[in-house]
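1. model the following, please.
(2 chains)
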Amino acid sequence: MEPSNPAPEAQRSARRRLVRGAFAAPAVLALYSGSAAAMASNLRCVNNQVDAGRKVFPAPVATPDRFVRVRLWSLRHNGKVRWFLRGNDFDALTLDRTSVYNDFLGLGEWREFDPATQRLVDAKLGTQPRWSSTHAGTLAHDGAWVAVRIDASSQGAGIVGVVDNTNFTGSAVSGLCWASFVTAAR
Amino acid sequence: MLGVVRDGRTLSAAGPAHPPDVDQTRWAWAAGSRLQALGEGWVAYGGASGETLYLNDESAAILEVLRDEGAASFDAVCRALAADSGLAPEELAPAAAEGWSLLVEAGLIRAVDAGG
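-> Next comes the predicted model:
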């Protein structure tokens, strides 16, 4: 839990703004925009952060590309951890609420990802990963987030970067940038 | 009531007006969530959804209760809001329950455990 906590004297309180004797239903309005203008802004945001020194991240090349995020799976054993992408998570990605063709990682496939180097490791796995031939390890969906690019023609996805799941550090994409990204609908 | 609306389209219908959990499931801010005042309303970032959201006072008040008083059950949140609004907890619970699922779906709050 890490709510924003501005200084108390500057903090406006919703609780104090409640009308005495009344309580309306809580309302939530999603603010991100799917407009071309907003998308262009998103892409500039990514472009600005994917500089020449971080070429492990492919820069977006077409303005209609979309960015979504998926969470890494951990595989733990004896205090050690490895991180994986699961194909089923990519299969759920959508573009404008339409499923996209995904040839990056399909249903039932897994691929290891190294957050330290921000690179994919080895080839796809056709089955759920095991720690070793003798130990299954423990899988959990609790890792960092990776940005996934869905190309302009919706014909594939590519890993763009990875972020720490709480502090948004060590990433090609800042937290503010994330805030305006399209998120996958599941 | 207002559902989750994206680009002018309602994504989810209003939930049923009953408590989200009749047990003692406790709720907390989703990691990474943010809340800031903006004009007459509130802007939040859903840590579990990655979405930027506009909230009314009631939604923001629920988040403030969980921020100020820590993880709490739905009933405990209603009691806190009752003290703020001058209503009885059972009077505002149906309205709070109606929008509770929206806060969960928006990635702003999450269940942390049960039985507390």
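2. please enumerate the helices of the chain.
-> The chain I'm using is chain A. All helices of chain A, identified by DSSP state H, fall at A:14-17, A:36-49, A:87-91, A:175-179.
3. nope, chain B
-> Using DSSP H, helices in chain B cover B:57-69, B:74-85, B:89-105.
4. run the chain-centre distance for the second one.
-> For helix B:74-85, the separation from the chain centroid amounts to 12 Å (computed by CA atoms, centre = their mean, to the nearest Å).
5. that helix: which residues count as buried?
-> Going by neighbour count (16 or more other CB atoms under 10 Å in any protein chain shown), the buried part of helix B:74-85 is B:74, B:76-82, B:84-85. (C-beta placed from N, C-alpha, C; glycine too.)
6. then it to CSV, C-alphas only?
-> Coordinates of the C-alpha atoms in helix B:74-85 are reproduced here as CSV (Å, rounded to 0.1, in the frame of the first residue of the first chain):
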residue,chain,number,x,y,z
PHE,B,74,-16.4,-3.2,4.1
ASP,B,75,-18.3,-2.8,7.3
ALA,B,76,-15.5,-0.8,8.9
VAL,B,77,-15.3,1.5,6.0
CYS,B,78,-19.0,2.1,6.1
ARG,B,79,-18.8,2.9,9.8
ALA,B,80,-16.0,5.4,9.1
LEU,B,81,-18.0,7.0,6.3
ALA,B,82,-21.1,7.1,8.5
ALA,B,83,-19.2,9.1,11.0
ASP,B,84,-18.2,11.5,8.3
SER,B,85,-21.6,11.9,6.7
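7. what about that helix, near chain A?
-> Yes: using CB under 8 Å from any CB of the partner chain, we find that helix B:74-85 touches chain A at B:80-81, B:84-85.
8. what about the one residue in chain B that gets nearest to chain A, neighbour count?
-> At 3.0 Å from chain A, residue B:99 is the closest residue in chain B, using CB to the nearest CB. When neighbours are defined as other CB atoms under 10 Å in any protein chain shown, residue B:99 has 28 of them.
9. per-residue confidence for it?
-> The per-residue pLDDT reported for residue B:99 equals 84.
10. ok, residue A:25 next?
-> 84.
11. pick out the residue in chain A sitting closest to chain B.
-> residue A:26 (3.0 Å).
12. and the helices of chain B as CSV, adding distance to residue A:125?
-> Shown next, in CSV, are those (distance: least, CB to CB, whole Å):
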stretch, distance to residue A:125
helix B:57-69, 39
helix B:74-85, 41
helix B:89-105, 32
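13. averaging pLDDT over each of the ones you listed, which comes out lowest?
-> Here these differ in mean pLDDT, and the lowest is helix B:89-105 at a mean of 89.
14. between the two ends of stretch A:103-115, how far is it?
-> 22 Å (CA to CA, to the nearest Å).
15. contact partners of it?
-> A:72-73, A:82-88, A:90-91, A:119-129, A:143-144, A:146, A:148, A:155-159, A:162, A:170 (CB atoms under 8 Å, 6 or more residues apart in numbering or on different chains).
16. so which of those sit within strands?
-> Per DSSP state E, strands hold the following members of these: A:73, A:82-86, A:119-125, A:146, A:148, A:157-159, A:162.
17. what subset of these is buried?
-> Of the ones in strands among the contacts of stretch A:103-115, these count as buried by 16+ other CB under 10 Å: A:73, A:82-86, A:120, A:125, A:146, A:148, A:157, A:159, A:162.
18. wait, what's in contact with the closest residue to residue B:77 other than its chain neighbours?
-> Spatial nearest neighbour of residue B:77, chain neighbours left out: residue B:65 (5.0 Å); criterion: CB to CB, 6 or more residues apart in numbering or on different chains. The neighbours of residue B:65, taking CB under 8 Å, 6+ apart as the test, are A:15, B:72, B:77, B:80-81.
19. do the same with residue B:56
-> Taking CB under 8 Å, 6+ apart, we find residue B:56 in contact with A:24, A:26-27, B:2, B:41-42.
20. could you rerun that using 7 Å?
-> Residues counted as contacts of residue B:56 (CB atoms under 7 Å, 6 or more residues apart in numbering or on different chains) are A:24, A:26-27, B:41.
21. residue A:143 now?
-> Going by CB under 7 Å, 6+ apart, residue A:143 touches A:71-74, A:83, A:165.
22. do the same with residue B:92
-> A:23, B:78, B:81-82, B:85.
23. ok, of those, which one's closest to residue A:134?
-> Residue A:134 has its nearest neighbour among these in residue B:78, at 51.6 Å by CB to CB.
24. grab the nearest non-local neighbour of that closest one.
-> Closest to residue B:78 by CB to CB, 6+ apart is residue B:89, at 4.3 Å.
25. what's the distance between the one you found and residue A:140?
-> 36 Å (CB to CB, to the nearest Å).
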